[in-house]
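In: One predicted model, sequence on top.
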Amino acid sequence: MSQENVEIVRDLNGPYEGLDVATIIREAVDRFGPDPDPAVVLSEWAQDPAWRHIHPEIEWDLTGTGAVGVTANGPREVALFWADWIEAWKSYVYQVVEYRDLGDWILTPTEVRASGPEGIPVEMRLFQIWRVRDGKVATMRAFLSEREALQAAGVSE
């Protein structure tokens, strides 16, 4: 089952890897509007090559990335999160370095090349842990260090 979960996370990340997701997310935010209807968001996700792998009860947790990190639960909150997130980025391109099976979690160290609204370049590495439920990604948690991600996944270094 665990290798199957790795493939589900890979299927989620793969379609937009190496592309500027800021543009893609900006277009989705515009379609969803200021008060996203969860049914509309889920319907659109079902047609998306990546987001069709997201569980309807998704927990999208960025609290491990610092003071501005938030947790969004469900399609409406994720859509609202993306509306705020997109204001911070002019461009955002990610490349997953590896998919590591941790048992209950999948770890993806990810290289990010981005630029803020004023064009200031940002390069960083994020460490995301993913949990799959019912064949879809149900939880994503992001961290700035591998150690924090592994601790959150209950794995000692």
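Out: That came in fine, so what should we check first?

In: what residues are up against the closest residue to residue 141 other than its chain neighbours?
Out: In space, and not counting its chain neighbours, residue 141 is closest to residue 61: 4.4 Å by CB to CB, 6 or more residues apart in numbering. Just so you know, the C-beta spots here come from the backbone N, C-alpha and C atoms, and that holds for glycine as well. Residues in contact with residue 61 (CB atoms under 8 Å, 6 or more residues apart in numbering) are 69, 71-72, 139-142.

In: Would you map the strands across the protein?
Out: All strands of the chain, identified by DSSP state E, fall at 54-64, 71-73, 91-96, 100-101, 106-115, 121-133, 136-143.

In: about what we covered before: considering the contacts of residue 61, which possesses the most neighbours?
Out: residue 141 (23 neighbours; other CB atoms under 10 Å).

In: burial measure for the residue nearest to residue 49 when sequence neighbours are not counted, as a count.
Out: Closest residue to residue 49 apart from its sequence neighbours, by CB to CB, 6+ apart: residue 15 at 4.0 Å. Residue 15 has 14 neighbours, counted by other CB under 10 Å.

In: Residue 78 now?
Out: 23.

In: My read is that it contacts residue 59, right?
Out: No. If you go by CB atoms under 8 Å, residue 78 and residue 59 don't touch, sitting 9.3 Å apart.

In: residues shared between the contacts of the two?
Out: Contacts common to residue 78 and residue 59, judged by CB under 8 Å, 6+ apart, are residue 72.

In: hmm, back to that, which among the contacts of residue 61 gets closest to residue 20?
Out: Nearest to residue 20 among the contacts of residue 61: residue 142, at 19.0 Å, using CB to CB.

In: so who does the closest one touch?
Out: By CB under 8 Å, 6+ apart, the neighbours of residue 142 are 61-62, 64-65, 69, 126-128.
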